[in-house]
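**Q** output the structure for:
(one chain, ligands or ions: 1)
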Amino acid sequence: MIIRNFNHILHGGDYNPDQWLHTPGTIDRDFELMEKAHCNTFSVGIFSWSQLEVEPDRFEFGWLDDIFERCEKTGKKLFLATPSASKPAWLAQRWPDSCRVDRAGVRDRWGARQNSCFSSPGYRERVRIVNRKLAERYAHHPALGGWHISNEYHGECGCELCRHRFHDFLRKRYGTLENFNQANWSAFWGHAITDWSQVEPFDYSTDATALDWWRFCTEVIVDFFQMEIDAVREFSDAPVTTNLMGLFPTLDYWKFAPLCDFISDDCYPTWLDGDTEREAASVSLRHDMHYTMLGKPFLMMESCPGIPNYARYPKLRRPGEFEREMLLALGHGADGTMYFQWRKGRNNCEKFHGAVVGHDGTDQTLTFRRVASYGEKLERLSGLVGAEKKPVTAVIYDWESNWAFGQCNAAGGNQVKQWEATAINHYRALWNHNIDLAVIDSEQDFSHYKLLVLPMLFLFKPGVLERLRDFVEQGGTLVATYFTGYVDENNNCFSGGNPGGAAGRELFGIWNEDFDGLQPTSRQTIVWNGRRYPVEDYAELLHLEGAESEATYGDDFYAGTPAVTRRKLGKGCVVYLGARTGMEFLNDFYGSLLKEAGVEPVLTGLPDAVRAARRSASDGSDYYFLYNLTGTEQPVNLPATMTDIWNGGEATRCVTLPPNGATVLQFKP
Ligand code: GAL
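**A** Below you'll find the predicted structure:
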């Protein structure tokens, strides 16, 4: 249960009553509308620092006390934010070093948000003070559900304080300058250093330092997050979280997870034409990752109930799409879906961002009616709270591989590299077969899984190769793709050839001699099970060293050489995909592999346009979530009669999904 003793699927959103203190009647009206929308939980105070501490040490809690009281009276819960995301003007004026410095050395001016220097002593101290004040005041309030620490932490700062910390970070990591110089291959372009202070974090030519910089940025923010938690913990033991941003590229979110009592995420898909399957898969990937991070239900903290104003095409959701988006989260392990935001503000850069209550202030809008109807149905799902997922297939998503690969020249620009898109495509091909999935990083335990997929695991952290070998020998099926195991933890290429040097070659039973970067005009194919599939961007030249060839290249001077290989090892097997293919190959390939590996779909016999997810509750019942990815109705045959818990009644071996719609069925054996 995310909030102690609160056995409900959480439903609500970011609530900013402090923007409405001068508009009489608005807050009263909000609380009426909250009932109508069946909302039970809100996040408050996220950007309220200057409304709570109007000048240094002058606090005004009256408006927040009022919101707490109203929530207590009406049985609602609050996630109280620490307000560090947006510092007051007085703070920046008095402590100018709280503003960040960019890579060119220019200090930012006050304004916007989420742009403070995490090393600034003044900023840190003021955050600690305001957090303690809030915690002291509200720790024992019955409406407090938990702590929403800051908001969407991210970013880097190039100030002198941060540079010093970076140098300390390197000293700790490498111990001696000699180790550092070696790991950095520093004879290249004469970059040996004789003092830590000489290390330049933004030198585009040093791949190891670039990688360390991103590690450092994660460490600095995690340290700040811990400092914020410690301040709150002096008074309150309520659960803490910070809202993550899915696959946000420059933070290693695996390092944030251990500090959270529950994971929360902000998720803003757009559902543009032609993109439904890819988008639904990519949203499911992040939900599965957030479930896996702590092995328990997470919270979708933010989503957009109307039009997402930042999107290139801020499309209004078509009938069905809103509910399907919310149920995707619940089916993949969320115990709540919340919105940004409850009420639309009247001005500034988010004034057109969808909100439950619009500028008309009524319950008459399409958005409000959709939210209210969804909220009402959610009340039927209290049995889902805490329900588990039990995946036996895992996809590895490891930020360090993305950083290391992104930094390397030669493999094309990011348009071609597509590290993140590759992970999504492999996940998507598996998800297309309706199996339950976990998303892990390479440091998690592999032994829970039958099938492990490594999309472009470019960087092997120490010990990973040995753990992969154990996994296979114990009976696991391992799939790796092109650009797996090229570098070690310092972005140094492996000696002895790819993948992964001598030990990796032995595990995979191949030698990957080189890669061919394909142009849009190049023609290459692979031939697998008698069919030809197009190859794009990358094709590697593979030699068999114990593995067998499962598919060969169809074109060019290396036609007939292996493109997909397979090696049996111990009780398991290792498959290597040497080329980037489209979805057609991935769908066929994983379809056959899942059967071999003995991985069962959540439900069988579904129409092509329908996907399923399952969660198992402690009372022995299974909740089946069905998603229609198309704009036409889809009848779905069921293996048994189930309870149509979402719409009411019985689903006697068949249920019909509305266009773009979704539903939830309960099966109690
Ligand atoms: C989130 C942010 C919210 C709001 C929202 C708009 O990233 O946390 O405060 O700005 O985006 O989509």
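**Q** give me the buried positions along stretch 182-192.
**A** Neighbour-count burial for stretch 182-192 flags 182-186, 191 (criterion: 16 or more other CB atoms under 10 Å). For glycine as for every other residue, the C-beta is placed from the backbone atoms N, C-alpha and C.
**Q** so what's the residue nearest the centre of the chain up against?
**A** Residue closest to the mean C-alpha point of the chain, counted by CA atoms, centre = their mean, is Gly246 at 2.5 Å. Going by CB atoms under 8 Å, 6 or more residues apart in numbering, Gly246 touches 265-267, 286.
**Q** related to what we said a few turns ago, quick one: which of the buried residues of stretch 182-192 sit in helices?
**A** With DSSP state H as the criterion, helices contain 182-183 from among the buried residues of stretch 182-192.
**Q** excluding its backbone neighbours, what's nearest whichever residue of the stretch 301-450 of the chain sits closest to the ligand?
**A** At 4.3 Å from the ligand, Phe340 is the closest residue in the stretch 301-450 of the chain, using CB to the nearest ligand atom. Distances taken as CB to CB, 6 or more residues apart in numbering place Glu302 nearest to Phe340, at 4.1 Å, with adjacent residues excluded.
**Q** flag every residue of the stretch 151-300 of the chain that's near the ligand.
**A** With CB under 6 Å from any ligand atom as the criterion, the stretch 151-300 of the chain meets the ligand at residues 151-152, 266, 268.
**Q** list the contacts of the residue nearest to Phe340.
**A** 13-14, 243, 265-268, 338-340.
**Q** next, count neighbours for the residue lying closest to Arg132 once chain neighbours are set aside.
**A** Distances taken as CB to CB, 6+ apart place Ala231 nearest to Arg132, at 5.0 Å, with adjacent residues excluded. Other residues within reach of Ala231, judged by other CB atoms under 10 Å, total 23.
**Q** mind checking pLDDT for Ala231?
**A** Per-residue pLDDT puts Ala231 at 98.
**Q** and it, how far is that from Thr552?
**A** 61 Å (CB to CB, to the nearest Å).
**Q** can you name the residue of the stretch 101-250 of the chain nearest to the ligand?
**A** Glu152 (4.7 Å).
**Q** count the neighbours of the residue nearest to Thr525 when sequence neighbours are not counted for me.
**A** Computed as CB to CB, 6+ apart, the closest residue to Thr525 that is not its neighbour in sequence is Gly554, at 3.6 Å. Around Gly554 there are 18 other residues, counting by other CB under 10 Å.
**Q** same check on Asp445?
**A** Asp445 has 10 nearby residues by other CB under 10 Å.
**Q** still on that earlier bit, okay if I get the buried residues of stretch 182-192 as a markdown table plus pLDDT?
**A** Shown next, in a markdown table, are these (pLDDT from 0 to 100):
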| residue | pLDDT |
| --- | --- |
| Gln182 | 97 |
| Ala183 | 96 |
| Asn184 | 97 |
| Trp185 | 97 |
| Ser186 | 96 |
| His191 | 97 |
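**Q** so for stretch 329-346, mean pLDDT?
**A** Average pLDDT, stretch 329-346: 98.
**Q** one more: stretch 298-314?
**A** Rounded mean pLDDT across stretch 298-314 is 95.
**Q** do stretch 4-22 as well
**A** 98.
**Q** packing partners of the lengthiest strand in the chain?
**A** Scanning the chain for the strand with the most residues, using DSSP state E, yields strand 531-544. When contacts are defined as 3 or more CB pairs under 8 Å, 6 or more residues apart in numbering; DSSP states H and E, strand 531-544 packs onto strand 510-517, strand 525-528, strand 562-569, strand 579-581, helix 583-597.
**Q** and the next element down the chain from it?
**A** Counting by DSSP states H and E, the next helix or strand C-terminal to strand 531-544 is strand 548-553.
**Q** and the gap between Leu542 and Val487?
**A** 19 Å.
**Q** of those two, which one has the most company?
**A** Leu542 (29 against 24).
**Q** hmm, the residue of the stretch 301-450 of the chain closest to the ligand is touching Cys304, no?
**A** Yes - if you go by CB atoms under 8 Å, Phe340 and Cys304 touch, sitting 6.6 Å apart.
**Q** and the residue nearest to Arg132, what element?
**A** Applying DSSP H and E, one finds Ala231 within helix 207-233.
**Q** chain center to that helix, what's the gap?
**A** Between the centre of helix 207-233 and the centre of its chain there are 18 Å (CA atoms, centre = their mean, to the nearest Å).
**Q** check which helices and strands the helix or strand bottoming out on mean pLDDT in the chain sits against.
**A** Scoring the helices and strands of the chain by mean pLDDT, DSSP states H and E places helix 414-417 at the bottom, with a mean of 86. Applying 3+ CB pairs under 8 Å, 6+ apart, one finds that helix 414-417 contacts helix 399-407.
**Q** before we move on, the earlier item: residues in contact with the residue of the stretch 101-250 of the chain closest to the ligand?
**A** Glu152 makes contact with 85, 114, 243-245, 266, according to CB under 8 Å, 6+ apart.
**Q** ok, now how distant is the most far-flung residue of the chain relative to its centre from the ligand?
**A** Largest separation from the mean C-alpha position in the chain: Phe557, at 41.0 Å (CA atoms, centre = their mean). Applying CB to the nearest ligand atom, to the nearest Å, the value for Phe557 to the ligand is 49 Å.
**Q** ok, Gly345 touching Pro17?
**A** No - Gly345 lies out of contact with Pro17 (CB under 8 Å); the separation is 11.2 Å.
**Q** neighbour count: the two, which is higher?
**A** Legend: neighbour count by other CB under 10 Å for Gly345 and Pro17, higher for Pro17 (22 against 16).
**Q** can you show me the helices along the stretch 351-500 of the chain?
**A** Using DSSP state H, counting those that start in this stretch, the helices of the stretch 351-500 of the chain run over 366-378, 399-407, 414-417, 419-431, 464-473.
**Q** lowest-confidence stretch among these?
**A** Lowest mean pLDDT within the helices of the stretch 351-500 of the chain: helix 414-417, at a mean of 86.
**Q** so which bits of that one are buried?
**A** For helix 414-417, by 16+ other CB under 10 Å, it's Lys417.
**Q** report the distance from it to the chain centre.
**A** Taking mean C-alpha positions (CA atoms, centre = their mean), helix 414-417 and its chain are 20 Å apart.
**Q** what does that helix rub up against?
**A** Contacts for helix 414-417 (CB under 8 Å, 6+ apart): 405-406, 411, 517, 537.
**Q** filter those down to the buried ones.
**A** 405-406, 411, 537.
**Q** what residues sit buried inside the helix or strand harbouring Arg128?
**A** Applying DSSP H and E as the criterion places Arg128 in helix 121-138. Within helix 121-138, the residues that count as buried by 16+ other CB under 10 Å are 122-124, 126-128, 130-135, 137-138.
**Q** for the stretch 451-600 of the chain, which residues are neighbours of the ligand?
**A** So the stretch 451-600 of the chain never meets the ligand (CB under 6 Å from any ligand atom).
**Q** of all of the stretch 451-600 of the chain, which residue lies closest to the ligand?
**A** The nearest approach of the stretch 451-600 of the chain to the ligand comes at Pro455, 26.2 Å away (CB to the nearest ligand atom).
**Q** what sits against that residue?
**A** Neighbours of Pro455 in contact, by CB under 8 Å, 6+ apart: 395-397, 422-423, 425-427, 481.
**Q** swap in 7 Å and give it another go.
**A** 395, 422-423, 426, 481 (CB atoms under 7 Å, 6 or more residues apart in numbering).
**Q** with distance to Ala238 added, can I get those residues in TSV?
**A** Converted to TSV, the contacts of Pro455 look like this (distance: CB to CB, whole Å):
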residue	distance to Ala238
Val395	33
Thr422	40
Ala423	34
His426	38
Thr481	43
